[in-house]
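A.B. asks: one predicted model, sequence on top.
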Amino acid sequence: MTLLSVNLNKIAVLRNSRGGTEPDICRAAQTCIENGCGGITVHPRPDMRHVRPEDVRALAAMLRGRVEYNIEGNPFAPPRGGYPGLIALAREVRPTQVTLVPDGDGQITSDHGFDLSNDLERLRPLVDELNAIGCRVSLFVDSGPQDFAAAKALGVQRIEIYTGPYAEAFAEGEPDAVLADCAATARLAQQAGLAVNAGHDLSQANLGTFKAAIPGLAEVSIGHALIGEALYEGLASTVRNYLQILR
Ligand SMILES: CC(=O)[C@@H](O)[C@H](O)COP(=O)(O)O
Ligand SMILES: NCC(=O)COP(=O)(O)O
């Protein structure tokens with residue numbers, strides 16, 4: 001079964017638009033858990049427009065041991081972009097998984113993954129540290145062939161396939177080529193001993209087709225569409241709908 005990790009960034013965006021505490025990110029997490037999600041994802045960014053360090057801590061305190069906790073982000077300090085506090089936060093709250101993402105500071109959202117041929121050496125000390133504190137490490141990657149064996153040798157346990165291009169192709173009614181590319185990527189990673197996650201712009205419309213094409217898909221993290229759909233259907237029933245698709 002593929003684990004559903006609900007990304008709560010958009011709850012924080014709504015709250016931050018007014019300041020204050022509503023909508024409450026821990027209450028949203030509680031609803032997701034009560035309705036069967038297997039994980040909660042957050043992605044702090046340097047501009048603090050989404051979840052903030054205090055949210056990461058509050059969620060850690062309420063989630064501990066109940067469902068998986070996945071913290072995403074770019075751990076590198078400027079000028080390469082990123083949120084240098086990410087590793088310190090991971091050290092503090094010990095999430096189940098840290099997903100490293102090569103976001104630039106100006107990006108509205110994540111739009112590309114690591115190039116393992118260039119990035120692995122600078123990732124090495126971070127992967128070592130995250131493994132030492134007991135966090136599973138996942139690397140956000142574009143679909144396509146990469147040296148997954150080298151990532152495995154570095155101590156990485158998973159990749160997360162960036163599914164933005166798949167979602168776009170699906171919306172245009174022509175998902176087959178991108179889907180085949182994602183499936184080939186997943187196979188290569190699995191053959192190298194890595195488990196495969198996926199995320200970005202997955203939705204109730206496009207998730208079933210994706211899941212059917214990727215045997216052994218370990219986890220999907222979904223936020224933007226899920227929180228948007230929850231405005232119409234309610235968060236509880238939206239989470240249940242996603243779980244139905246993932247069965
Ligand atoms: C890595 C990834 O694809 C997600 O973390 C994505 O960045 C979440 O989207 P927002 O942070 O824009 O809500
Ligand atoms: N890792 C992807 C994620 O957490 C959610 O992405 P999105 O559904 O908000 O596009």
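C.D. replies: Perfect, I can see it now. Ligands and ions are numbered 1, 2, ... in the order given.
A.B. asks: ok, which residues in the protein are in contact with ligand 1?
C.D. replies: Counting by CB under 6 Å from any ligand atom, the positions of the chain adjacent to ligand 1 are 7, 9-10, 43, 50, 72, 101, 109-110, 140, 199-200, 223-224. C-beta coordinates here come from the backbone N, C-alpha and C atoms, glycine included.
A.B. asks: switch the cut-off to 5 Å
C.D. replies: 9, 43, 72, 101, 109, 110, 200, 223 (CB under 5 Å from any ligand atom).
A.B. asks: also near ligand 2: which of the residues you listed, exactly?
C.D. replies: Checked against ligand 2 using CB under 5 Å from any ligand atom, the residues of the chain next to ligand 1 give the following subset in range: 200, 223.
A.B. asks: of the residues of the chain next to ligand 1, closest to residue 64?
C.D. replies: Of all those, residue 72 has the smallest distance to residue 64: 18.8 Å, by CB to CB.
A.B. asks: once you drop chain neighbours, what's closest to residue 168?
C.D. replies: When the adjacent residues along the chain are set aside, residue 168 lies closest to residue 201, with 7.5 Å between them (CB to CB, 6 or more residues apart in numbering).
A.B. asks: dump the residue contacts of the one you found.
C.D. replies: By CB atoms under 8 Å, 6 or more residues apart in numbering, residue 201 lies in contact with 163, 164, 166, 167, 168, 224, 225.
A.B. asks: how does it look with 10 Å?
C.D. replies: Counting by CB atoms under 10 Å, 6 or more residues apart in numbering, residue 201 makes contact with 109-110, 162-168, 170-171, 222-225.
A.B. asks: about what we covered before: pipe the residues of the chain next to ligand 1 into TSV and attach secondary structure, neighbour count and distance to residue 240 per row.
C.D. replies: Below are the residues of the chain next to ligand 1 laid out as TSV (DSSP: H, G, I helix; E, B strand; the rest coil; neighbours: other CB atoms under 10 Å; distance: CB to CB, whole Å):
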residue	secondary structure	neighbour count	distance to residue 240
9	helix	21	21
43	coil	25	24
72	strand	28	24
101	coil	27	28
109	coil	14	26
110	coil	23	27
200	coil	25	22
223	coil	25	17
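A.B. asks: how near is the residue nearest in space to the middle of the chain to ligand 2?
C.D. replies: Closest residue to the average C-alpha location of the chain: residue 221 at 4.7 Å, with CA atoms, centre = their mean. Taken as CB to the nearest ligand atom, to the nearest Å, the spacing of residue 221 relative to ligand 2 amounts to 3 Å.
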